[in-house]
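> need a 3D model of the following:
(one chain, ligands or ions: 1)
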Amino acid sequence: MKQSILFPKTLKEAPKDAQSINHKLLVRAGFIDQLMTGSWTLLPMGIRVLNKINNIIREEMNSIGAQEVLMPLMHPKNIWNETGRWDSAKEVMYQFKDSRDKEFTLSFTHEEILLDLIRKNLKTYRDLPIALYHFSTKFRNELRAKSGILRGREFLMKDLYSVHSSQKDFWDFYEKVKIAYSKIFEKIGLTFKITEAAGGVFTKNITHEFQVISPAGEDTIYYCPKCDWGQNNEIFEGKKGEVCPKCKKGKILEAKSIEVGNIFPFGTWYSERMKVYFTDKDGGKKPVYFGSYGFGTTRLIGTWVEVSHDKKGIIWNREISPFDVHLIGIDKKGENIYKKLKEEGIDVLFDDRDVSAGEKFKDADLIGIPVRLVVSTKTKDLIEYKERTSEEIEVLPFDKILKKLNR
Ligand SMILES: [Zn+2]
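Numbering: from 1, shown residues only. As a prediction, the model looks like this:
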């Protein structure tokens, strides 16, 4: 991609109403644009990051036997009445009437919609388990949508749902999802904590959250540095500094954090209300065991920027960077290297613009692609190589550059 045609151009100043780091940097660098509070356009570079995140998630979902679908965003009132959530979750839903006075809501989640799909297609225990997921938009009536893309009124999520014939099968799968989520965070390169939490408008059961520690977070969590014990402040009843109840070794720490994922065990609460039954081996009709598993994908982009930036801008890693390398052409050089890199299958942003070298370097730091290459009359047949996280510059021939990139 040539930077001369990349939409939009970077901004020198952050928008005046921007309070959070992710809002300021993602807007300045040209990843997102705000339509209104809590409502964002993902720009070309934002989509590139999102697609990389989604692909990592998709791989892990498929590996635990889940299948991808895409469910509607506009739902009829009657389905939400089956569980009583049309009323109990009213505060977070965008409910409305059409011109025939029929009532609908925009999706804030998909449990009821998924179970409607399942009950139409489920007969016996042989059909189970079923695990389906999708990447789609959620609408939530947020009163405090002010943290950039960390909290939106409209945002993107991956949500997975699973139904099972026995409690044991359900809990085995729930643990598999925990491991899959942990792998996603590890692949993306984010440090996380799993904490026990309350279920809000979803369930009265204990749920599990995947939290990333950051001062920008709106959650407070308590965790043990010596083992995997953790709780969020909704259910934590002890004091920080106390001995961990699980390993009896570590002392409980407190931290601000961002909730990126949340997984919910529902038992048969939903399936009994929605009559999602199957015929079991003994011939009896039984309700399915049900769980749902959310992962905030646009929120993850914001979270990454909150924990990975410096004074100059964003710092991506190669797993989710919008491009593999940022090639800077000076003195109208670089076209040739750009072509050669593309031929090698490397995803390049080529700064071919007619602006000063200083401006190009500033933009490269702001956008934050992990590797910067520079070609100029000074470098002759060689190329300058610099990583975003280092001040060291190496001057190398093309084949050596290629080796470093494929490392
Ligand atoms: Zn512990």
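> and the helix or strand harbouring residue 178, what does it pack against?
Using DSSP states H and E, residue 178 sits in helix 167-188. Helix 167-188 sits against helix 44-63, strand 154-164, strand 203-213, strand 253-267, strand 289-296, with contacts defined as 3 or more C-beta pairs under 8 Å, 6 or more residues apart in numbering; DSSP states H and E. Glycine gets a C-beta too; all of them are placed from N, C-alpha and C.
> quick check: next helix or strand after the third one?
Right, strand 203-213. strand 219-223.
> what do you get for the last one?
Past strand 289-296, further along toward the C-terminus, the next helix or strand under DSSP H and E is helix 297-307.
> the following helix or strand past that following helix pairs with which strands?
Using DSSP H and E, the helix or strand that follows helix 297-307 towards the C-terminus is strand 309-310. Partners of strand 309-310 in the sheet, by DSSP bridges, are strand 313-314 (antiparallel).
> keeping just the C-alphas, turn the very next helix or strand once past the partner strand into PDB.
Downstream of strand 313-314, the next assigned helix or strand under DSSP H and E is strand 325-329. C-alpha atoms of strand 325-329 as PDB (Å, rounded to 0.1, in the frame of the first residue of the first chain):
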ATOM      1  CA  VAL A 325       7.000  -3.100   7.500                       C
ATOM      2  CA  HIS A 326       6.900   0.600   7.000                       C
ATOM      3  CA  LEU A 327       9.200   1.500   4.000                       C
ATOM      4  CA  ILE A 328      10.300   5.200   3.900                       C
ATOM      5  CA  GLY A 329      11.400   6.500   0.600                       C
END
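> and strand 325-329, which strands flank it?
Partners of strand 325-329 in its sheet, by DSSP bridges: strand 348-351 (parallel), strand 371-375 (parallel).
> rewinding a little: show me which residues of the helix holding residue 178 are buried.
169-170, 173-174, 176-178, 180-185, 187-188 (16 or more other C-beta atoms under 10 Å).
> which of these sit farthest apart?
169 and 188 (28.9 Å; C-beta to C-beta).
> give the rounded mean pLDDT of stretch 171-190.
The average pLDDT for stretch 171-190 rounds to 98.
> next structured bit after the helix holding residue 178?
Assigned by DSSP H and E, the successor of helix 167-188 is strand 193-199.
> who are the packing partners of that next one?
Judged by 3+ C-beta pairs under 8 Å, 6+ apart, strand 193-199 is in contact with strand 203-213, strand 219-223, strand 230-232, strand 253-267.
> chain center to the first one, what's the gap?
What it means is strand 203-213. 16 Å (C-alpha atoms, centre = their mean, to the nearest Å).
> what about residue 310, distance to residue 301?
18 Å (C-beta to C-beta, to the nearest Å).
> ok, these two, which is more surrounded?
residue 301 (25 against 11; other C-beta atoms under 10 Å).
> nearest to the ion, out of the strands paired with strand 325-329?
strand 371-375 (39.1 Å; C-beta to the ion).
> mind listing what's buried in the closest one?
Within strand 371-375, judged by 16+ other C-beta under 10 Å, the buried ones are 371, 372, 373, 374, 375.
> ok, stretch 102-121 next?
Going by neighbour count (16+ other C-beta under 10 Å), the buried part of stretch 102-121 is 105-119.
> just the ones of those residues in helices?
111, 112, 113, 114, 115, 116, 117, 118, 119 (DSSP state H).
> correct me, but the fifth one touches residue 275?
No - checked against C-beta atoms under 8 Å, the pair residue 115 and residue 275 is beyond contact range at 9.1 Å.
> could you tell me the per-residue confidence at the most centrally placed residue in the chain?
Residue closest to the mean C-alpha point of the chain, counted by C-alpha atoms, centre = their mean, is residue 297 at 2.2 Å. Predicted confidence (pLDDT) for residue 297: 98.
> thought it was touching residue 57?
Yes - with contact defined as C-beta under 8 Å, residue 297 reaches residue 57; the gap is 7.2 Å.
> for those two, list the residues in contact with both.
Common contacts of residue 297 and residue 57 (C-beta atoms under 8 Å, 6 or more residues apart in numbering): 135, 158.
> hang on, the earlier thing: format the strands paired with strand 325-329 as CSV; extra columns: distance to residue 404 and mean pLDDT.
CSV is the format used below for these (distance: least, C-beta to C-beta, whole Å; pLDDT from 0 to 100):
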stretch, distance to residue 404, mean pLDDT
strand 348-351, 14, 98
strand 371-375, 8, 98
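> OK, contacts around the nearest residue to the residue nearest to the centre of the chain once chain neighbours are set aside?
Using C-beta to C-beta, 6 or more residues apart in numbering and skipping residues adjacent in sequence, the residue nearest residue 297 is residue 156, 4.8 Å away. The neighbourhood of residue 156, defined by C-beta under 8 Å, 6+ apart, consists of 50, 135, 136, 137, 138, 296, 297, 298.
> this completes my enquiry, with thanks.
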